[in-house]
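**Q** Quick check, what structure comes out for this input:
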Amino acid sequence: MDPAGEQTSQPVDIYRDTWVRYLGYANEVGEAFRALVPVSLVWGSYAVATAYVTADAVDKGKKAAAAHGDNPGRTTRVAAAVVDTFVWQALASVMIPGFTINRVCAASLYVLGRTTKWPLPVRKWATTAIGLSTIPFIITPIDRSVDFLLDSSLRKVYDGGEKHK
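**A** Here you go, the predicted model:
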């Protein structure tokens, strides 16, 4: 018996199930490299992440519109899907992780400057490595915290606290 043949095929969400998801992390990478690159590149990384967030929100709005057809309350449900996705993604993919990596890198550069005699270029590369290595560890706690925040606030306003996927 082939277990792969028994699996039901679910539609692929390009913004959550493919490499496109990593565009949401562009600003964290930009923040990690802040000490080494011109600030315009850091801001460019935020533009990439914000474009990802916006595209995902629009996609979820289109899916909600298709799912609700001409039913009453369609506009409200579509708006809720767009707002929920945009706010969640903006907080969990851009704002909180960007701030976190920025502060981790700033603190590590400061600490390395006070505790080592490494030359500045070495400290900057070490700071970038620390920032990049921090990214995988912050994703899940931030995602769960943003879920809790939205479940406790915005999602109570619509759909009884239900997430939009």
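
**Q** check contacts around the most centrally placed residue in the chain.
**A** Nearest to the geometric centre of the chain sits Ser93, at 1.6 Å (Cα atoms, centre = their mean). Neighbour list for Ser93: Gly24, Tyr25, Asn27, Ala49, Tyr52, Val53 [criterion: Cβ atoms under 8 Å, 6 or more residues apart in numbering]. Heads up, the C-betas are built off the backbone N, CA and C, glycines and all.

**Q** what's the nearest residue to the first one if we skip its chain neighbours?
**A** Yep, that's Gly24 we're talking about. Ser93 (3.9 Å; Cβ to Cβ, 6 or more residues apart in numbering).

**Q** Against Arg77, how distant is the one you found?
**A** To Arg77, Ser93 is 23 Å away according to Cβ to Cβ, to the nearest Å.

**Q** just checking, next helix/strand downstream of the helix ranked longest in the chain?
**A** Identified as the longest helix of the chain according to DSSP state H is helix 120-151. Next helix or strand after helix 120-151 toward the C-terminus (DSSP states H and E): helix 154-157.

**Q** Output that following helix as PDB, nothing but the C-alphas.
**A** Provided in PDB are the C-alpha atoms of helix 154-157 (Å, rounded to 0.1, in the frame of the first residue of the first chain):
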ATOM      1  CA  LEU A 154      -8.700  42.300  16.900                       C
ATOM      2  CA  ARG A 155     -10.100  38.800  16.200                       C
ATOM      3  CA  LYS A 156     -12.700  39.300  18.900                       C
ATOM      4  CA  VAL A 157     -14.200  42.000  16.800                       C
END
